[in-house]
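Peer 1: Could you look at this predicted model? Sequence included:
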Amino acid sequence: MLNAIEVILICLVVQAALTDLAMRKIPNVLILSGLLLALLLHLLAGPPWAPLTQWFAGAMAGFFLFLPLYLLRGMAAGDVKLMAMVGGFSGPGAALKIALLAYLVGGAMALLLLLISGRWRQSARNLRLIGKPLLLRLLGVPLLPVPMPPSASAGDIPYGVAVALGTMAHIAWTHH
């Protein structure tokens, strides 16, 4: 049986996914209210140290697990903040598992969208632009710093959907 924290978390991630699908944005008010609600629930339901060990550590884990993709322009800031909120509810260990599931779901979504939209050629060009200098550096070829030419994105993914599906899959798995 689901506990109150899990039910509320599912409601919040479903709302985030629907909003991300409709507007390609996850509202800050949803994330902030979710973080505050998770803190309140941990204060009420857990031991006295739960806000530190579960809420704060989980939020930081969720945030830092998605931050690299944001820095590489692979996802939007709202997705990173959503994962921080999920971590605030679930704790650091579960945040890691949920992030891994979300990465898998997001990767599958990306491949599917590339195939459906026909933008896989643009994506392959982007990967070549990024990977060629890295490969040459690894082979020891000295390179002068050259700014990367602007490249069109091959598409944007509503990663809120991936986070929601990863969260629900993790919760279902823990109750299996």
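Peer 2: Received it, and whenever you're ready, just let me know what you need.
Peer 1: hey, let's count contacts and neighbours off CA atoms from now on
Peer 2: Fine.
Peer 1: count of residues packed around Phe56?
Peer 2: Burial measure for Phe56: 22 neighbouring residues, criterion other Cα atoms under 10 Å.
Peer 1: next one: the one 10 residues further on
Peer 2: The number of residues packed around Phe66, counting by other Cα under 10 Å, is 24.
Peer 1: give me every residue that touches it.
Peer 2: Contact partners of Phe66, counting by Cα atoms under 8 Å, 6 or more residues apart in numbering, are Asp79, Val80, Met83, Ala99.
Peer 1: helix, strand or coil for it?
Peer 2: helix (DSSP: H, G, I helix; E, B strand; the rest coil).
Peer 1: roughly how far apart are it and Gln122?
Peer 2: Applying Cα to Cα, to the nearest Å, the value for Phe66 to Gln122 is 24 Å.
Peer 1: Correct me if wrong: Ala110 contacts Tyr159.
Peer 2: No - with contact defined as Cα atoms under 8 Å, Ala110 does not count as touching Tyr159 (9.5 Å).
Peer 1: Tell me which of the two has more neighbours.
Peer 2: Here Ala110 and Tyr159 are set side by side on neighbour count (other Cα under 10 Å), and the busier one is Tyr159, at 31 against 19.
Peer 1: and the more buried one, what pLDDT?
Peer 2: As summarised for this prediction, Tyr159 has a pLDDT of 94.
Peer 1: surely it meets Met75?
Peer 2: Yes - contact criterion Cα under 8 Å: Tyr159 and Met75 qualify, at 7.2 Å.
Peer 1: other SSEs contacting the lengthiest helix in the chain?
Peer 2: If you go by DSSP state H, the chain has its longest helix at helix 92-117. Helix 92-117 sits against helix 57-71, helix 77-90, helix 159-174, with contacts defined as 3 or more Cα pairs under 8 Å, 6 or more residues apart in numbering; DSSP states H and E.
Peer 1: Of the contacts of Phe66, which is the nearest to Val7?
Peer 2: Comparing the contacts of Phe66 against Val7 with Cα to Cα places Met83 closest, at 16.5 Å.
Peer 1: Give me the neighbour count for the closest one.
Peer 2: Met83, neighbours per other Cα under 10 Å, totals 33.
Peer 1: same thing with Leu67?
Peer 2: Leu67 has 21 neighbours, counted by other Cα under 10 Å.
Peer 1: gap between it and Gln54?
Peer 2: From Leu67 over to Gln54 the distance is 19 Å, taken as Cα to Cα.
Peer 1: Please apply the same query to Leu21.
Peer 2: When distance is defined by Cα to Cα, Leu21 is 29 Å away from Gln54.
Peer 1: With Gly107 instead?
Peer 2: Gly107 sits at a distance of 28 Å from Gln54 (criterion: Cα to Cα).
Peer 1: neighbour-wise, which of the two wins?
Peer 2: A direct count of neighbours by other Cα under 10 Å for Gly107 and Gln54 places Gln54 higher, at 23 against 15.
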